[in-house]
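Novice: What follows is a predicted protein model with its sequence.
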Amino acid sequence: MSKFYITTPIFYVNAPPHLGHAYADIIADIIARYHRLRGDETFFLTGTDEHGAKVARAAEKAGVEIPKFVESVRENFRKLASVLNISNDDFIFTADEERHFPGAIKLWKKLEEAGDIYKGVYEGMYCVGHEAFITEKDLEDGKCPDHNEAPQIIKEENYFFRLSKYTEPLKKAVEFGELAILPKKRAHELSSLLEEGLRDISFSRPSKDISWGIPVPGDQTQTMYVWCDALANYISALGYGREDESKFQKFWPADVHLVGKDILRFHTAFWPAMLLSAGLPLPKTILVHGLVRVGGRKMSKTLGNVVDPFEIVKNYGADAFRYYLSREVGLFEDGEFTEEKFAAAYEGNLVKGVGNYVRRVSTMIESYFAGSLGEIGEERVAAVPLRKGSLDFLNIEKKSDSEIEFFSIPYFVNEILWKKYVEAFASYEVNRAADIAFGFLKELDSYVDDYKPFKLIETDKEKAEAVLWSLSYGALALAKMLYPFMPATSEEILKIYGVESFDQNSWKTFKVSKHAQLFPKKE
RNA sequence: GCCAGCGUAGUUCAACGGCAGAACGGAGGACUCAUAAGCCUUUAAUAGAGGUUCAACUCCUCUCGCUGGCACCA
């Protein structure tokens, strides 16, 4: 047993939650739940990023005071997590003066002590309409699209962070595997950035322009720019800079920062450089996921293809949504969400798959054995092994033709299947882990047909019992593997088979109860 | 423009240089415990042109097509 600390990015509150936020929440939750299942002491953090000019502008647009505005959006993100059954241990928000400010301020001071903060001149494009700096990417045809005006080039004095100093140290950290970036291609992207050399970054803004933020320590005329503010959430939430830093001592460094590819640079260059400067350990893994597209396009309001996660959950339930995003969408590549694909996956794998299986087995136990199966000796279980070819879906190569390939279900689960599952999670191949679970489900369905317990019951009741016992064990093993992905369903299966825990050793006797369909058919 | 990656069955994805696999879809079959669910069989593919090799999806060159990254935007 060890500690495990995982984070999502903190979500920017200038707009309500959408599919992308749901995706990050779900993936992180799956990994967190897997680690809890294994007995790791797990800390899972998510939260919101609430400062900056964009938020101030959004509040103004909504005609609401900034603090009220951010609070309402924040609550939406909280609600999203709750609706999705996200098991986060904490929720940090950057406007929290008690919990977040001290960490950001302490971090700033550390960087300053290291001599990495200096006053410099920032030159940027200033949009008069926005009353703020905007970037190249905000422009359309050289004009600010919101105000249809070309920006002015303005110089102002603010603080800089000596990022350039950390180009070489970062190269080394990546090279020596101190900082792992997954998948590999993202590590390559960082390498090419490092090859070009990092430039120092602007670290503050005059508070007359942006007062909504954290004041720079020792200089009230400046407000922290996003980096030292937002990124610090990963440690401020653990108590860094506050009186009690015990959680920080215990959980830092993060085992995984889950991030989208769009914020790769900040998490693989800026943030680690800041940590190096502050003399803090680096996160172990930056796990970079792709984007979830909708109908082949990036989701956007103008295209009108915004998917509302609340709607989906309302119609299909959180587990179905979690299932789709974690199995049918590739973690490392851009994925796609469409109503059709989602409905097909729901129907094919949940209705006709998990739901049907759980019920077909429990029904047989109910009608043939009055709902309960007693303990069965190993011998009887071994006498009804899986058919030949049960290894195929795991891509395990047979060493020889004569090699024994007839496994009892418990043996197969514990000696082979679970190990493969653990292996997949160890490399954060979440999709593969789900594939393993669903491949096993297919084996179980074949197993029913191989032994035909519904026939066997007439000729050999003892054997039928062993078969159904094995099938129940299989259902529970399936439930265990599905737990990170579909926690509610998984726990429901345990209940249906009358067991209390995910510990295989406790699966000795089963008592099934009548139950509704796990996944009702739609339409 | 520069850098990286990709192109495999109708679709979505696999395959240390050694018989190209799976899922979904399509076609057929046997069954009936289950949500007309499930099972079995079957169908079909390496973008193109060269090269290296006994052997290339895999390595090299070129062509065509696609995607991503190229800095202060969470």
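Specialist: Perfect, I can see it now. Residues are numbered from 1 along each chain as shown, chains lettered A, B, ... in the order given.

Novice: Could you use CA atoms for every contact and neighbour count after this?
Specialist: OK.

Novice: quick one: contacts for residue A:32?
Specialist: Going by Cα atoms under 8 Å, 6 or more residues apart in numbering, residue A:32 touches A:4, A:6, A:42, A:43, A:44, A:87, A:484.

Novice: Take those residues and keep only those in helices.
Specialist: Using DSSP state H to define helices, no part of the contacts of residue A:32 is located there.

Novice: Among those, which one sits closest to RNA strand B?
Specialist: Distance to RNA strand B across the contacts of residue A:32 (Cα to the nearest atom of the strand) is lowest for residue A:6, with 15.7 Å.

Novice: and the closest one, how many neighbours?
Specialist: 26 (other Cα atoms under 10 Å).

Novice: That one bridge partners, please.
Specialist: Beta-bridge pairing of residue A:6 under DSSP bridges involves residue A:44, residue A:256.

Novice: From residue A:321, how far out is it?
Specialist: 21 Å (Cα to Cα, to the nearest Å).

Novice: Residue A:334 too?
Specialist: Residue A:334 is 17 Å from residue A:321, by Cα to Cα.

Novice: now residue A:244
Specialist: 38 Å.

Novice: So for these two, which sits in the more crowded spot?
Specialist: Neighbours of residue A:244 and residue A:321, each counted by other Cα under 10 Å, are more numerous for residue A:321; the result is 24 against 11.

Novice: can you tell me the helix or strand for residue A:244?
Specialist: Using DSSP states H and E, residue A:244 is not contained in any helix or strand.

Novice: that older thread, return the member of the contacts of residue A:32 nearest to residue A:186.
Specialist: residue A:6 (18.9 Å; Cα to Cα).

Novice: Next SSE downstream of the lowest-mean-pLDDT helix or strand in chain A?
Specialist: Lowest on mean pLDDT, DSSP states H and E among the helices and strands of chain A sits strand A:132-134, with a mean of 66. Sequence-wise, the next helix or strand downstream of strand A:132-134 (DSSP H and E) is strand A:152-161.

Novice: What's the mean pLDDT across that following strand?
Specialist: Per-residue pLDDT values across strand A:152-161 average out to 83.

Novice: is the very next helix or strand once past that strand anywhere near RNA strand B?
Specialist: Going down the chain from strand A:152-161, the next helix or strand is helix A:167-175, by DSSP H and E. No. For helix A:167-175, no contact with RNA strand B is found by Cα under 7 Å from any atom of the strand; the gap never falls below 8.9 Å.

Novice: mean confidence for helix A:167-175?
Specialist: Helix A:167-175 comes out at a mean pLDDT of 90.

Novice: May I have the distance across stretch A:172-189, first residue to last?
Specialist: Terminal-residue distance, stretch A:172-189 (Cα to Cα): 15 Å.

Novice: which residues are contacting it?
Specialist: Taking Cα under 8 Å, 6+ apart as the rule, stretch A:172-189 contacts A:261, A:264, A:268, A:282, A:283, A:284, A:285, A:286, A:287, A:288, A:332.

Novice: residue ranges of the helices in the stretch 151-300 of chain A, please?
Specialist: A:167-175, A:184-196, A:226-230, A:233-236, A:246-251, A:264-265, A:271-278 (DSSP state H, counting those that start in this stretch).

Novice: ok and the first one relative to helix A:184-196, angle-wise?
Specialist: Same thing as helix A:167-175. 160 degrees (axes from the mean of the first three to the mean of the last three Cα atoms, to 10 degrees).

Novice: Can you measure across stretch A:199-206, start residue to end residue?
Specialist: Counting by Cα to Cα, the terminal residues of stretch A:199-206 are separated by 21 Å.

Novice: buried set for it?
Specialist: The neighbour-count check on stretch A:199-206 (16 or more other Cα atoms under 10 Å) flags A:200, A:201, A:202, A:203, A:204, A:205, A:206 as buried.

Novice: is it anywhere near RNA strand B?
Specialist: Yes. Applying Cα under 7 Å from any atom of the strand, one finds stretch A:199-206 touching RNA strand B at A:199, A:200, A:201, A:202, A:203.

Novice: for the closest residue to the fourth one other than its chain neighbours, what are its contacts?
Specialist: This points to residue A:202. In space, and not counting its chain neighbours, residue A:202 is closest to residue A:160: 4.5 Å by Cα to Cα, 6 or more residues apart in numbering. Residues counted as contacts of residue A:160 (Cα under 8 Å, 6+ apart) are A:116, A:117, A:118, A:119, A:120, A:200, A:201, A:202, A:203, A:204.

Novice: Ok, residue A:274 next?
Specialist: A:111, A:163.

Novice: pLDDT at it, what is it?
Specialist: Per-residue confidence (pLDDT) for residue A:274: 96.
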